[in-house]
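Asker: Have a look at this prediction, sequence included:
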Amino acid sequence: MRAARVLLRPVGLAGFGLLVLVLLVAVFGPVLWDGRATVVDTGNLLAGPSAEHWIGTDNLGRDLFFRVLVATRLSVALALASTGISVALGIVLGAAPLLAGRRAGRLVTGAVSVLVAFPGLLLVLFFAVVFGVGARGAALAVGLAGAPAFARLCHTLIAGISARDYIAAARIAGVSRWRILRRHALPNIAEPLIVNATMAAGGALLTFAGLSFLGLGVQAPSYDWGRLMQDGLNGIYVHPLAALGPGIAVVLAGLAFNLTGEAFAAAFGVDVIPGVARLRQVRNAAAEARGSGATTASTDAGTILSVDDLRVTIPGAQRPIRAVRGVGFAVRDGEAVGVVGESGSGKSMTALALARLIEEPIRVEANHLVFAGEDLMAGGDSAARRKRLGTSLAVVFQDPMTSFNPVHRVGPQLAEVSRFHQGLSRRAALARAVDRLRAVRVRDPERRARQYPFEFSGGMRQRAMIGMGLMGTPRLIIADEPTTALDVTVQRQVLELLTEVRRDTGAALLLISHDVSVVTDVCDRVLVMYAGRIVEELPARDLRTLARHPYTRALVAAVPDMETDLTRPLAVIPGLPVDPSRIPDGCAFAARCPLADDHCRTADPPLRADAAGNRVACHKAGQALPDTAEVTA
Amino acid sequence: MSETTSAAVSRGLPGRPGGLWANRWFRFALRRTGRLLISLWILVTASFLMIHLVPGDPVRAALGPTAPADLVLARTRELGLLDPLWRQYADYLVHLFHGELGTSITSRLPVSETIAQRLPASAQLAVAAFVVSMLVAVPVGVGMAVLTRRGRRRRTELAFTGTSVVLGAIPDFLFGVGLVYLLAVQTHVFPVAGRDGLGSYVLPVLALAIGPAAVLSRIVRVEMLAVMEADYIRTARAKRLTPVRIHLTHALPNAVTATLTLGGLLLSSLVAGTVLVENVFAWPGLGSTIVSSITSKDYPLVQGTVLVYGVGVLLINTLVDVALALLDPRSAIGDG
């Protein structure tokens, strides 16, 4: 079925069509045109192109066009034969660990990896010496020379599946090794093997042309494309088409195999990149979403960050995904604000959008996004703005293992900020980096600064990442799940470090987390997000006791504490989070809410602020929940 | 033994306290040298066995059916083919160690002399072609990645991929033939054949470089695209560096490792590719030597040239591994 999709792509269709044509000519060419290719026309020796002979004649006056067509069979047959030899031998060698046991297998694998390092043509020449000059020798030579590459491929593929359960089961059941290879391993590696064999056949075709061209392959009176080219090269001054004609045939046939192979590879593997059409779709959807969930936030003095009606839209395969749908809030100087929600609630997207780290084709829109008095939605990416953001907005990412550049040492990665935004020299910047590493309690910072990220543990990298944010004078730290990828003991250290940094620098903190207890420990205020919206905002200390939204209360209930009754099942939130590409009309949480009624399912509750400044978006805010045991049931 | 040596090495490296650092590089050097030596041994043994694998009497085959029997016998003795196999092997190794590769059957000249005379021309061609293809591929690949990333400029992308697939599928000797036709026969811009002055290098080098440049630039683009989605690029953007700096110092080194691996393979295939291109341009290098020696069954000369090509390839592979280890230190700890 997937193979059929190949024909839907232009490249696949062209390649496959060309391949069918080449094979048809190979099968029927000699039958149809052999007479015209061998008839000697003594009146037209070495003639140029004419109406009678399209690309001229050779030294016996034979028509070259038909000779090229007839030569298709030999050229293709030799290429296929040698590819067959390569594949068969490659499978046996590659399956050696499976067939002959681990020790012999390792020996074969070692030999293969030595052989694979030699270019094919060199191996071909070596075998051509052994087998002698001629078509059969060349076929064997090309076949044997191609075997190591296939052995390597098969080895990798078989190693990939031999750990699987069905192979282990077959082995335990006492199935013979050859049978395991034939019945269990080969069918599972057939796809990549066929793709590679198709492309290898194209390669073999070219190699053969080369060998015959050198005079080491097909010998007269037989002829293939390489042989015809060699004959033509001598006369390239007089009539170049005699050499170029067979050359074009070689390229076309080679392309036929290669394009078919690539098209199959693409059909079996990779996805297409989101295209222009999707981008347009997103723009429309984003325009439609505008103004629907508008909420306002104050932009007083003493506010470091303020955002209003933030929307993030991702182009999807069918419909755009509205990851963030109108989020508005503010962070005051030195304040710690937490954002909690399940995965997919849009909290990380919000964080990245606020830091202006989201790129096309994902769209970010907002009525305003003011950081330190500057609207980041307006104006371009000027050097001055880069400098301000680079020194005063620090970002700590979720996965410290992948967030450092693996090819640069840690010290210079930190120092970069000071070199490019604060005008420090390389040496001074590195000294500051060492100082900052010390400030985030990395032991032996001089030595650590000279090390590569892979020499750091996860917790240490996250501390170094925080240190990177301290290279400037941060006024806001956006930390996107900074402890999720870490061990529990290290989590605590990183959170303490964040608190300490905040105390020392007076920076505000926007902490994104799915962990309610982390947020209540560290933050002053909490925003609860669900399906790309803020559903509740309240002081962190009130989260456990005064939350009014059923979702917030369910989140809190799902965290066991010292008073949790362990004889009852732990509370969970029933149902699944909303699919962000299919958000329902009414309240997004209605389907999972024990309080929901028809009104909830049709009318989307607005986010309303009370006298104390707390906000909640729920028609049933604060109503008593049914017994939690029922919720979990 | 390795304990003391590694300690010595670690002391020898300044500014890297702690044996771990030095040890890792030392282990890498040891492992890589070991692999090089084993590969060399296999290569030498294979080239030794080559003459013995030829079915029938190789000397008779070389001299032709009309050669007198005593001449064949004399040559067979001269080649040492009458000795027991182990002695022949030992002699072969000893001679090799002294740089003696035997005497050509047809020209009666020492093989090492022929090789010394012909190798430079081939090496120049291969190196020049490698440099040209790298100089073209990296900027083009990076530029294309930046221009077409995240589904932008679909038409440019399609044109680029299409062109590079077609160019990559055309073998170098066909480029040679095409270039000769276009730029030498039709327009007389460059000489058709031979090695005479800088102009004569242009066509062979181009013929060798076009295909690899096309393939390589595609690889560079794909690698760049993958790298630019990495978390550490987002970190670099969070540092608000300029796009140029993000692309060149943060993305490119990470993309180059895979490119270099493939570039090494291409370079070693360029070494072999010269064989074909030299024959198109009548280039006085090793490529024409190996072909004529195979057709004339001049086994000592074949052995010698195969050895030289093989050693060249092995050295290139080792160099690439070392360069990779320096660029990406993680590759030095793996099982390479």
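Answerer: Alright, I've got the coordinates.
Asker: Pick out the residue nearest the middle of chain B.
Answerer: The residue lying closest to the centre of chain B (CA atoms, centre = their mean) is B:S268, at 1.7 Å.
Asker: Test my guess that that one contacts B:I316.
Answerer: Yes. At 5.0 Å, B:S268 and B:I316 qualify as touching, with contact defined as CB atoms under 8 Å. The way it works is simple: take the backbone N, C-alpha and C, and place the C-beta from them, glycine included.
Asker: the bottom helix or strand of chain A by mean pLDDT?
Answerer: Here the helix or strand of chain A ranked lowest by mean pLDDT, DSSP states H and E is helix A:276-289, holding a mean of 41.
Asker: Show me what whichever helix or strand comes after that helix is packed up against.
Answerer: Counting by DSSP states H and E, the next helix or strand C-terminal to helix A:276-289 is strand A:303-314. Here strand A:303-314 touches helix A:276-289, strand A:321-332, helix A:347-354, strand A:363-365, strand A:368-371, strand A:508-513, going by 3 or more CB pairs under 8 Å, 6 or more residues apart in numbering or on different chains; DSSP states H and E.
Asker: Save the ones you listed as TSV, and put in distance to A:V488 and mean neighbour count too.
Answerer: Below are these laid out as TSV (distance: least, CB to CB, whole Å; neighbours: other CB atoms under 10 Å in any protein chain shown):
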stretch	distance to A:V488	mean neighbour count
helix A:276-289	39	16
strand A:321-332	28	24
helix A:347-354	21	25
strand A:363-365	34	21
strand A:368-371	33	20
strand A:508-513	14	25
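Asker: Chain B: which of these is closest?
Answerer: helix A:276-289 (6.3 Å; CB to the nearest CB).
Asker: buried residues in stretch A:576-585?
Answerer: By neighbour count on 16 or more other CB atoms under 10 Å in any protein chain shown, the buried set for stretch A:576-585 is A:P577, A:V578, A:P580, A:I583.
Asker: ok, now stretch B:72-83?
Answerer: Buried residues in stretch B:72-83 (16+ other CB under 10 Å): B:V72, B:R75, B:T76, B:L79, B:L81.
Asker: A:R106 reaches A:S113, doesn't it?
Answerer: No. Between A:R106 and A:S113 there is no contact under CB under 8 Å: 10.6 Å.
Asker: Retrieve the pLDDT associated with A:A4.
Answerer: At A:A4, the pLDDT value in this model is 64.
Asker: repeat for A:D309
Answerer: Per-residue pLDDT puts A:D309 at 90.
Asker: What of the one 5 residues further on?
Answerer: You'll see A:I314 listed with a pLDDT of 86.
Asker: Distance-wise, check it relative to B:A116.
Answerer: 64 Å (CB to CB, to the nearest Å).
Asker: Run a quick neighbour tally on residue 208.
Answerer: This is for chain A. 30 (other CB atoms under 10 Å in any protein chain shown).
Asker: if you could check chain B rather than the one you did, that'd help
Answerer: B:L208 has 28 neighbours, counted by other CB under 10 Å.
Asker: what about the nearest residue to it once chain neighbours are set aside, which helix or strand?
Answerer: Among residues not flanking B:L208 along the chain, B:A129 sits closest, at 3.6 Å (CB to CB, 6 or more residues apart in numbering or on different chains). For B:A129, the host element (DSSP H and E) is helix B:111-148.
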